[in-house]
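# what shape does this take:
(2 chains)
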Amino acid sequence: MTNRLRVLRAENRWSQAEVADRLGVSRQTVNAIETGKYDPSLPLAFAIAKLFSVRIEEVFSPH
Amino acid sequence: MTSLQQACSSLYTERDARNMRVFNYWFFAAMITFAATTILISERFLAKGAVAWGLTVLTIVLFVMMVRAYMIFLRGADELLRKIQLEALSFSFGASLVFMIGYRLCERLGAPKLDVDDPMLVMVLVFALGQWLGIRRYAGGEEQ
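Here you go, the predicted structure:
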């Protein structure tokens, strides 16, 4: 699975720590998602989409 | 600070750190009680009567509370941290099982007899190794 989390974060000029705080997860979780080392759970994926006010398909894609 | 220390410090949310502190309190209380009870009974400072049984039950209760605190920590943990912990636990469980079965055969071939609690050392060491491998695999990255 690929994602646009880093791009969306950069567009909002947020640090990984700020995104992590807003999502209630650790900075390492945000980093692991951005680098593709870890695929988030469905609730976290929805929370990420909601944070950036986009649809989930605009953040995550299956390949 | 090493990259591993940095990874560890940014892997815990405030809630995780708080729950881990609670776990540590129970862990230290249980270990101190266990050590004190073992010394008192084995060195015959205490007769094997009601007080010894009371201390033994107290030790068991403290260990049960420690396990409960770990379960609370794990259920509420950040999802990446939970994944690392669960993978380390399964690695530890599997390695201990293989060690116990494998070493039983080795004993029949003449290897020195082990104490019943020796596999616990394998379990703890492999759990620590599993956590280190998990942090290396999933965490440890700097912000880009």
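# okay, domains of chain B per the record?
B:1-77, B:78-144 (automatic domain parsing).
# need those domains in a markdown table with distance to residue A:23, can you?
Bear in mind the C-beta positions are built from the backbone N, C-alpha and C, glycine included. Compiled in a markdown table, the domains of chain B are given as follows (distance: least, Cβ to Cβ, whole Å):
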| stretch | distance to residue A:23 |
| --- | --- |
| domain B:1-77 | 10 |
| domain B:78-144 | 10 |
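# to residue A:52, which of these lies closest?
Closest to residue A:52 of these, according to Cβ to Cβ: domain B:78-144, at 17.7 Å.
# still on that earlier bit, any chance of the domains of chain B in a markdown table, plus distance to chain A?
Formatted as a markdown table, these follow (distance: least, Cβ to the nearest Cβ, whole Å):
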| stretch | distance to chain A |
| --- | --- |
| domain B:1-77 | 4 |
| domain B:78-144 | 4 |
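# run through the helices of chain A in chain order.
In chain A, the helices defined using DSSP state H lie at A:5-12, A:16-23, A:27-34, A:42-51, A:56-59.
# point out the most buried one among those helices.
Burial of the helices of chain A is given as mean neighbour count (mean count of other Cβ atoms under 10 Å in any protein chain shown); helix A:27-34 ranks first at a mean of 26.
# wait, which of the domains of chain B is closest to residue A:7?
Of the domains of chain B, the one closest to residue A:7 (Cβ to Cβ) turns out to be domain B:78-144, at 12.0 Å.
# where does chain B dip in pLDDT?
Residue ranges of chain B with pLDDT under 70: B:1-7, B:141-144.
# checking the residue most central in space within it next. Helix, strand or coil?
Among the residues of chain B, the one closest to the centroid is residue B:124, at 5.5 Å (Cα atoms, centre = their mean). Following DSSP: H, G, I helix; E, B strand; the rest coil, the label given to residue B:124 is helix.
# how close does the closest residue to it other than its chain neighbours get to residue B:86?
Once flanking residues are discounted, residue B:124 sits nearest to residue B:92: 7.7 Å by Cβ to Cβ, 6 or more residues apart in numbering or on different chains. Look at residue B:92 and residue B:86: by Cβ to Cβ, to the nearest Å, they are 11 Å apart.
# which one of the two has more residues nearby?
More neighbours surround residue B:92 than the other of residue B:92 and residue B:86, with 20 against 14 (other Cβ atoms under 10 Å in any protein chain shown).
# tell me who's in contact with residue 54.
The chain I'm using is chain A. Counting by Cβ atoms under 8 Å, 6 or more residues apart in numbering or on different chains, residue A:54 touches residue A:8.
# good, wrapping up.
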